[in-house]
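**Student:** I would like to see how this sequence folds:
(chains A and B)
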2 protein chains.
Amino acid sequence: MENWLTARTRATPGRLALRHDGVSWDYAALARLVEQLAGGLAAAGVRPGDRVGALLPNGVLYAALVHALMRLGAVLVPLNTRLTVAELAWQVTRAGVALLLHSAETSSLAAEVVRQSPLQRRAVEELPACQSARPAQPVDLDAVQAIVFTSGTTGQPKGAMLTYGNHFWSAMASAYRIGVLPGDRWLSILPLYHVGGLAVLFRSCLYGTAAVLQEGFEVEAVNRSLDEEAITLASLVPTMLYRLLPARSSWPDTLRLVLLGGAAASPELVAQAAAAGVPVATTYGLTEASSQVATMLPEEVRRKPGSAGRPLLFNQVRIVDDSGAPLPAGGVGEIAVRGPAVMAGYYGEPEATARTLRDGWLHTGDMGYLDEEGDLWLVQRRSDIIVSGGENVYPAEVEAVLRAHPAVAAVAVVGLPDPEWGEQVAALVVPAAGQELSAGALQDFARRLLAGYKLPRRIAFVEELPQTASGKIARAAVREMLLASGNDTEEG
Amino acid sequence: MENWLTARTRATPGRLALRHDGVSWDYAALARLVEQLAGGLAAAGVRPGDRVGALLPNGVLYAALVHALMRLGAVLVPLNTRLTVAELAWQVTRAGVALLLHSAETSSLAAEVVRQSPLQRRAVEELPACQSARPAQPVDLDAVQAIVFTSGTTGQPKGAMLTYGNHFWSAMASAYRIGVLPGDRWLSILPLYHVGGLAVLFRSCLYGTAAVLQEGFEVEAVNRSLDEEAITLASLVPTMLYRLLPARSSWPDTLRLVLLGGAAASPELVAQAAAAGVPVATTYGLTEASSQVATMLPEEVRRKPGSAGRPLLFNQVRIVDDSGAPLPAGGVGEIAVRGPAVMAGYYGEPEATARTLRDGWLHTGDMGYLDEEGDLWLVQRRSDIIVSGGENVYPAEVEAVLRAHPAVAAVAVVGLPDPEWGEQVAALVVPAAGQELSAGALQDFARRLLAGYKLPRRIAFVEELPQTASGKIARAAVREMLLASGNDTEEG
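**Tutor:** Reported below is the predicted structural model:
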């Protein structure tokens, strides 16, 4: 198969490919940059199959790097710029990264990572701007495009191997669900080191549309982009939408669809957004399936807020119990996914791969159910499930109960280590403005609605919930804040 | 690869799949019909690889048959219902058709064809409605889906073998050029035995959108559909658009794009349509490339009426001279096409295949050029080129000159057999209402603008040009009318 950027540039050289920080790149300009970067990488010794780490903020250099590695047949290892040096050193070692690329912003972090691991580093903007002598090689759909580290279910992060075929099929299935128009501009606030950000680059290139990149989520920057850059599509996680809603009285007509994913969106948030005129399309996806697996279109969302809709074309979803047996409609269990966008496996982890991929089914670890109409509901990301005294507690369920208290504005429920029960349920609560609220009163409220083992044993109050770079609730930080809080309200 | 209709039905069972004659079929209903029809075909003895002829008007049974043959792995041989018995008998024999399916409308024609060829015939609506016992088989992208007869350059029709992969890539490339939206409804007036009609069925199925079928072109029926059926896309040939333009004062807002192809559209027609608010997208395609090869979007058409735009994604186009050498921009020569939508070859015609497919390049026989911006211009379909005294005469050029005469409303130029010159140029002319016009006056007019060998030797006047089922000018009928006309104005 022909190199995608080469084919795209021949088809529509003058169409907008990328916008970042007010600068526009059409496909011809992007292709020239990519060719120079590929030449520079080749001169720096990058060969087909080499793993190249990217420790970079969102921007045109990141996008160009993704395409340059495709040209060279080298493998991208996208690195989360928020991780610690130790975490990064572990990942680059694990993935066998030979060259670590960084920018001015991540230079000192990269230097520290290199000190702890046997590799080279180069500033991506300082690579020699060589004209690539070799024409772009054909793309092997079975070849690994990236090793994307994901925390998965538990334990150490694992590197999901995503192939070009995974991205190709994902892009097509996404287009055939949410649609694509020649003038589309996809606002991508999600970091490019997350699959949700990376996917937008490949989609744009295949579709001939534009990716509008931002570094991190800021309400004002997003609003400016929506109002001034003719954005038609945007990927958001629920926390971003939650923060954008009060900051806008209306939404631009140009905005065709907001893809809302990354975590289970509460039906209240989705309904509120739909009522405010946001064309919300709820989605379920994960790194190991190259992002989108199921998506519900805006007109359906209004009828059924909270569901992630039906699986995309050529995707299959079923819900299985602990033994792997499929459950009937309505039964809550593990979400399993099969289809051409499912990863090739975890890099260097044959056992984890065999546990996760069984008969072609990806066992996501996420909990959910399919309703009678075949629509998927995500109940809880596996990594967030609390196991207390052998019982599974879904934080989403406890959060929904606590949020129903009139004095609660926002809440995050996590598990804390407990010598007796394994984990204990704990809640970090943002009180509603001007409301008085005690931990005891909240527990009394919850006791009428929740089984005893689901009750939060520890409750602390804060003004704002901590968030990750991509705008999700930072559950690790919630855990630390709760551990640090003296407010232990444990009961018998 | 999974059966497309199975995958589509799982993804969006309730979405509109087909509309015909006021009746709607969603994907679940279509899939049930297809399963019954596949069962009936299997009971009638159809096995994988068998060739099945379809002598049917546009309608749900035709669409269901296409999908049923996909389920069974049998090969469709779409037959032109306007052909003579002898022509049809030749095609079914040539393609090795084992079973000929017909409807009530085509029953007697089918009976006559069967009398002249060793095959069975069945009315498609009378096949036993068996539940298909076997699940749908996977789709092999390299397998032949259809043998579509095309007149090609000259001589006997040849059966272009189109694979499932051809249709798959064509559908994707089309979506990534003209866009796709979940609510799309594609008005398909072109017969399903033409690749332009057939392609709409596969596209709709893959996209999850609707095909709205009509039998033959009637201005009133098309207008009713545009106004009442929320049509977003329509495939038209120039003659259809020419007849629709005066019949409408405005075009519905729902109409997103009109794909105009099948013949070189005159810049005047395209400009007139664009001025009237028709979102015209000019396109070049042919049977051997599974329809669309290049397409220009409406906003570009306004700037450059008459061009067919740049090739679609993964398609390559070049212009070659008689020796097969590529020509520079602006050079008129044969259009050659390479890409994943190019046919596997002509059925049972190794020599014609070798002449037409060389190093992966499909030599279309059509004449055109690429301009400095890489946009394709179709000059003339090869089958319409007149060779007079060894000189190539492009009817389109002569027609443009004659149309420029104020008393000419429409004109068709063809070649008539000539013992001395091989062919002589002849013109069938529709005078403008209320205008007097003689053959001699028109020849005098043309003489100032055309080289001597391009001048029409014979001119006849009619009230309307004859058209094919798909609305193109019926050049064979034009030829016959000119031969029958006594109005021989031959000059020395």
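**Student:** what parts of chain A come near chain B?
**Tutor:** Proximity of chain A to chain B (Cβ under 8 Å from any Cβ of the partner chain) is limited to residues A:1-2, A:7-8, A:10-13, A:172, A:175-182, A:184, A:206-208, A:297, A:310-316, A:374. (Glycine included, C-beta is placed from N, CA and C.)
**Student:** which ChimeraX command selects the buried ones in these?
**Tutor:** Restricted to the buried members of the residues of chain A next to chain B, where burial is judged by 16 or more other Cβ atoms under 10 Å in any protein chain shown, the ChimeraX selection command reads as follows:
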select /A:2,7,8,10,11,12,13,172,175,176,177,178,179,180,181,182,184,206,207,208,297,310,311,312,313,314,315,316,374
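**Student:** which ones among the residues of chain A next to chain B map onto helices?
**Tutor:** The subset of the residues of chain A next to chain B located in helices under the criterion DSSP state H comprises A:7-8, A:10-11, A:172, A:175-178, A:206-207.
**Student:** any weak-confidence spans in chain A?
**Tutor:** Applying pLDDT under 70 to chain A flags the ranges A:132-133, A:151-155, A:469-471, A:486-492.
**Student:** domain assignment for it?
**Tutor:** Chain A is divided into the following domains under automatic domain parsing: A:4-139, A:167-383, A:385-484.
**Student:** for residue B:386, find the nearest of those domains.
**Tutor:** Of all the domains of chain A, the one in closest proximity to residue B:386, counting by Cβ to Cβ, is domain A:4-139 (33.9 Å).
**Student:** just give me how far the closest one sits from the chain centre.
**Tutor:** 20 Å (Cα atoms, centre = their mean, to the nearest Å).
**Student:** that one: end-to-end distance?
**Tutor:** 8 Å (Cα to Cα, to the nearest Å).
**Student:** again, but for stretch A:309-320
**Tutor:** Stretch A:309-320 has an end-to-end distance of 18 Å (Cα to Cα).
**Student:** centre of the chain versus that stretch, how much separation?
**Tutor:** Here stretch A:309-320 is found 19 Å from its chain centre; the criterion is Cα atoms, centre = their mean.
**Student:** and for stretch A:173-190?
**Tutor:** Relative to the chain's own centre, stretch A:173-190 is displaced by 16 Å; criterion: Cα atoms, centre = their mean.
**Student:** over to stretch A:416-431?
**Tutor:** For stretch A:416-431, the distance between its averaged C-alpha position and the chain's averaged C-alpha position is 26 Å (Cα atoms, centre = their mean).
**Student:** only the buried residues of the longest helix seen in chain A, if you could.
**Tutor:** Of all the elements of type helix in chain A, the one with the most residues (DSSP H) is helix A:27-43. Residues of helix A:27-43 classed as buried by neighbour count (16+ other Cβ under 10 Å): A:27, A:29-31, A:33-42.
**Student:** ok, now stretch A:122-129?
**Tutor:** Neighbour-count burial for stretch A:122-129 flags A:122, A:124, A:127 (criterion: 16+ other Cβ under 10 Å).
**Student:** quick one: the residue nearest to the last one when sequence neighbours are not counted from residue A:99, how far?
**Tutor:** Think residue A:127. The shortest distance from residue A:127 to any residue that is not its chain neighbour, by Cβ to Cβ, 6 or more residues apart in numbering or on different chains, is 3.3 Å, and that residue is residue A:40. To residue A:99, residue A:40 is 11 Å away according to Cβ to Cβ, to the nearest Å.
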